[in-house]
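Participant: requesting a structural model of the entry that follows:
(one chain, ligands or ions: 1)
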Amino acid sequence: MLRRLPALHWQIAAALVAAVLAGWLLAGNATFLTVADFLGELFLNALRMLIVPLIAASMMQAMLNLPAASAVGRMGLRLLGWIGLSTLMAVLVGLTLVNLLRPGVIDGQPAGDVLGLDAGTERVAEQVEGAATGDMADIFLRMFPPNIVEAAVENQMLGIIVFSLLFGYFATRLGSELRAAQQRFWQGTYEVMLGITDLVMRFAPIGVFALVGATVARTGWGAFGPLILFFACVAGALLIHLLIVLPALLRVLSGVGGLMHLRAMIPALLTAFSTSSSAATLPVSLDCVQRRAGVSSTTAGFVLPLGATVNMNGTALYECAAVLFIAQAYGLELSLISQALVVLLALLTSVGVAGVPSASLVAIAMILGAVGLPLEGVGLILAVDRVLDMMRTSVNVYSDTCGAVIIARAEGESPYSGTSGQSA
Ligand code: ASP
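Facilitator: The predicted structure is shown next:
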C-alpha cells in the first residue's frame with residue numbers, strides 16, 4: 001500500500017491542475033457540470049459512507065489498546081492543549097493580516113458601499129439555515145443524542161464520538177475474555193475500514209477532478225473582483241499558518257520536520273481541499289497519519305476523529321477575518337474590546353462548527369449578532385466562500401494531523417522512524 005501512495009498523490013495533484021483548467025475552459029458547460037457533479041457526488045458519498053463505522057471502530061480500538069484508563073484523560077488533556085494553542089495562533093494570524101491589509105476598505109471607501117450590501121440577504125438566510133447550528137448550548141445537546149442510530153444516520157460526529165468513548169471505556173472494564181473479544185473485533189473492523197479507504201482513494205484523482213472542476217466552472221473568476229483583497233488576505237493568513245506556524249509548532253513540540261510531514265499528508269490535504277469537509281476527509285487522514293507518518297492506531301484513532309470534529313484552525317481564522325472584514329465593509333471600526341470578543345467567539349464557535357462545507361457561515365452570523373453587526377454582512381463574502389472553504393478545510397485537517405504526531409511523540413512513540421503505526 002505504501003508503495004502506491006507517492007504515485008497516487010502525484011495523480012491527485014495532476015487531477016487538481018487539470019480540474020482548474022477544465023473548469024476554466026468549460027465554465028457554464030451544462031454537460032461538463034452534470035458529469036462532474038455526478039462523479040464528485042459519487043466520490044463524496046464513498047468517503048461519507050465510511051465515516052460512522054470508522055469513527056466507532058477507531059475510537060473503540062484506541063480505547064481498548066490504551067494501557068490504562070488514566071491514559072485516556074492524559075491524551076485528552078494533551079489534545080485540548082493542542083487545540084487551544086493552535087487555534088489561538090491561527091486566529092491571531094488572521095486578526096493581524098486583516099488589520100494590516102484592511103480588505104474591507106476599497107479606495108478609501110467601505111467595501112459595503114462598493115458591493116451593494118443588500119444583494120445577498122436571501123441567499124444568506126438560506127445558507128445559514130442549511131448548515132448545522134453553531135449555538136453553544138446545542139453543542140452539549142449534540143454530545144448526547146437521544147437516539148444513537150439517528151445520530152449515525154445524520155452523521156452527527158460529536159454524538160457518535162461521545163457514545164464510542166463511553167462504550168470503549170466500559171469495554172475496557174470487562175473480564176479478560178470478553179475484553180479480548182471486543183479488542184479483536186474492533187481492531188479487525190478498523191483494519192477493514194482502512195482497507196476500504198484505500199480502495200476509495202484509488203478513485204481520488206477522478207473525484208478531485210470532478211469536485212474541483214465543477215467548483216471552478218461555477219465560481220468563475222468574476223466573483224473575485226472587489227473581494228480580491230479579502231480573498232488574498234484570508235488565503236495569505238491560511239498559508240502562513242499552514243506553512244510557517246504549524247510546522248514551527250510541530251518542530252518545537254515533536255522534533256518532526258514540517259516539510260516531511262507536509263509531504264506525507266498531501267493525499268489528506270488534497271482530499272480536504274476538494275471536498276471542503278473535514279468529516280469526509282477523516283478516513284484519508286487516519287490512513288495517512290498511521291501508514292505514512294507511522295503514528296500508532298491507538299493515538300491516531302483517538303486524536304483524529306476528535307480533531308476532525310472540534311479542532312478547526314482554518315475555520316477560526318476565517319471566522320475572525322470575515323467578521324472584521326464585514327465590520328470594515330460597513331465603515332465601522334471595532335474597538336479593541338470588540339476585537340477581543342470576536343477572537344474569543346471565533347475560538348469557541350470553531351469547536352461547534354460541523355466538518356461540512358460552508359459550516360462557518362453559521363458561526364459568522366452568530367458572531368456578527370454578538371458584536372452588533374447585521375446578519376446580511378455574510379452576503380458580502382458568499383462569492384468567495386466556496387474557494388476559501390477548500391483552503392480552510394485543508395488547514396483544519398493539517399492541524400489535526402500535526403496534533404496526532406505531537407501527541408504520539410509525547411506518548412513515547414517515534415513517528416517517522418520507519419515503523420508503520422500499529423497499536424502502541
Ligand atoms: N468546511 C469546513 C470543514 O469541514 C468547516 C467550515 O469552516 O465551513 O472543516
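
Participant: please make it C-alpha for all contacts and neighbour counts, starting now.
Facilitator: OK.

Participant: hey, which helix is longest across this protein?
Facilitator: Across the chain, the longest stretch assigned as helix under DSSP state H is helix 30-65.

Participant: is there any residue in whatever helix or strand comes next after it that contacts the ligand?
Facilitator: As assigned by DSSP states H and E, the chain's next helix or strand after helix 30-65 is helix 69-101. No - Helix 69-101 does not reach the ligand (C-alpha under 6 Å from any ligand atom); its nearest approach is 12.8 Å.

Participant: how far does the helix or strand that comes right after helix 69-101 sit from its chain's centre?
Facilitator: Per DSSP H and E, helix 69-101 leads on to strand 105-106 as the next helix or strand towards the C-terminus. Centroid displacement of strand 105-106 relative to its chain, using C-alpha atoms, centre = their mean, to the nearest Å, is 30 Å.

Participant: what pLDDT, on average, does strand 105-106 get?
Facilitator: Average pLDDT, strand 105-106: 78.

Participant: same check on stretch 184-200?
Facilitator: Across stretch 184-200, the average pLDDT comes to 91.

Participant: likewise stretch 319-328?
Facilitator: On average, stretch 319-328 scores 93.

Participant: with stretch 53-64 instead?
Facilitator: Across stretch 53-64, the average pLDDT comes to 88.

Participant: please identify the buried residues of that stretch?
Facilitator: 54-64 (16 or more other C-alpha atoms under 10 Å).

Participant: before we move on, back to that, remind me what the longest helix of the chain packs against, helices and strands.
Facilitator: helix 157-172, helix 176-202, helix 204-219, helix 278-291, helix 297-310 (3 or more C-alpha pairs under 8 Å, 6 or more residues apart in numbering; DSSP states H and E).

Participant: of those, which is nearest the ligand?
Facilitator: helix 278-291 (3.9 Å; C-alpha to the nearest ligand atom).

Participant: packing partners for that closest one?
Facilitator: Helix 278-291 sits against helix 30-65, helix 176-202, helix 266-275, helix 297-310, helix 382-410, with contacts defined as 3+ C-alpha pairs under 8 Å, 6+ apart.

Participant: from residue 417, how far out is residue 149?
Facilitator: Residue 149 is 40 Å from residue 417, where distance means C-alpha to C-alpha, to the nearest Å.

Participant: isn't residue 378 up against residue 364?
Facilitator: Yes - assessed by C-alpha atoms under 8 Å, residue 378 is found in contact with residue 364 at 7.3 Å.

Participant: rewinding a little: between the buried residues of stretch 53-64, which sits nearest the ligand?
Facilitator: Nearest to the ligand, judged by C-alpha to the nearest ligand atom, of those is residue 55 at 15.7 Å.

Participant: that closest one and residue 161 touch, don't they?
Facilitator: Yes - when contacts are counted by C-alpha under 8 Å, residue 55 is listed as touching residue 161 (7.0 Å).

Participant: list residues touching both of those two?
Facilitator: Residues touching both residue 55 and residue 161 (C-alpha atoms under 8 Å, 6 or more residues apart in numbering) are residue 305.

Participant: mind listing what the closest residue to residue 287 other than its chain neighbours touches?
Facilitator: Leaving aside its sequence neighbours, residue 287 sits nearest to residue 194 (C-alpha to C-alpha, 6 or more residues apart in numbering; 6.4 Å). Shown in contact with residue 194 (C-alpha under 8 Å, 6+ apart): 54, 283, 287.

Participant: do you know how far the closest residue to residue 152 other than its chain neighbours is from the ligand?
Facilitator: Nearest residue to residue 152, sequence neighbours excluded (C-alpha to C-alpha, 6+ apart): residue 52, at 6.2 Å. Distance, residue 52 to the ligand, using C-alpha to the nearest ligand atom, to the nearest Å: 16 Å.

Participant: count residues in the vicinity of residue 52, would you?
Facilitator: For residue 52, the neighbour count with other C-alpha atoms under 10 Å is 20.

Participant: that one touches residue 154, doesn't it?
Facilitator: No - at 9.7 Å, residue 52 does not count as touching residue 154 under the criterion of C-alpha under 8 Å.

Participant: quick one: least confident helix or strand in the chain?
Facilitator: helix 121-130 (a mean of 48; mean pLDDT, DSSP states H and E).

Participant: after it comes which helix or strand?
Facilitator: helix 136-143.

Participant: next, count neighbours for residue 382.
Facilitator: The burial count for residue 382: 18, using other C-alpha under 10 Å.

Participant: for the residue nearest to residue 193 when sequence neighbours are not counted, give me its contacts.
Facilitator: Excluding the flanking residues, the one nearest residue 193 by C-alpha to C-alpha, 6+ apart is residue 54, at 6.1 Å. By C-alpha under 8 Å, 6+ apart, the residues touching residue 54 are 190, 193-194, 283.

Participant: also residue 149?
Facilitator: Residue 149 makes contact with no residue, according to C-alpha under 8 Å, 6+ apart.

Participant: residue 315 sits in which helix or strand?
Facilitator: helix 313-329.

Participant: what packs against that helix?
Facilitator: The elements that helix 313-329 packs onto, with contact taken as 3+ C-alpha pairs under 8 Å, 6+ apart, are helix 69-101, helix 111-115, helix 228-240, helix 336-352, helix 360-370, helix 382-410.

Participant: could you work out the end-to-end span of stretch 166-181 for me?
Facilitator: Terminal residues of stretch 166-181 are spaced 18 Å apart (C-alpha to C-alpha).

Participant: ok, the nearest residue to residue 402 once chain neighbours are set aside - contacts?
Facilitator: Computed as C-alpha to C-alpha, 6+ apart, the closest residue to residue 402 that is not its neighbour in sequence is residue 250, at 6.3 Å. With contact set as C-alpha under 8 Å, 6+ apart, residue 250 has these partners: 256-258, 402, 405-406.

Participant: let's see that with 7 Å instead.
Facilitator: 256, 258, 402, 406 (C-alpha atoms under 7 Å, 6 or more residues apart in numbering).

Participant: what's near enough to touch the residue nearest to residue 189 when sequence neighbours are not counted?
Facilitator: Closest residue in space to residue 189, ignoring its immediate chain neighbours: residue 57 at 6.1 Å, by C-alpha to C-alpha, 6+ apart. Residues near residue 57 by C-alpha under 7 Å, 6+ apart: 186, 189-190.

Participant: among these, which ones lie close to the ligand?
Facilitator: Among the contacts of residue 57, no residue is within reach of the ligand (C-alpha under 6 Å from any ligand atom).

Participant: highest neighbour count among those residues?
Facilitator: residue 190 (24 neighbours).

Participant: shouldn't it be in contact with residue 58?
Facilitator: Yes - proximity of residue 190 to residue 58 meets the contact threshold set by C-alpha atoms under 7 Å, at 5.8 Å.

Participant: fine by me, thanks again.
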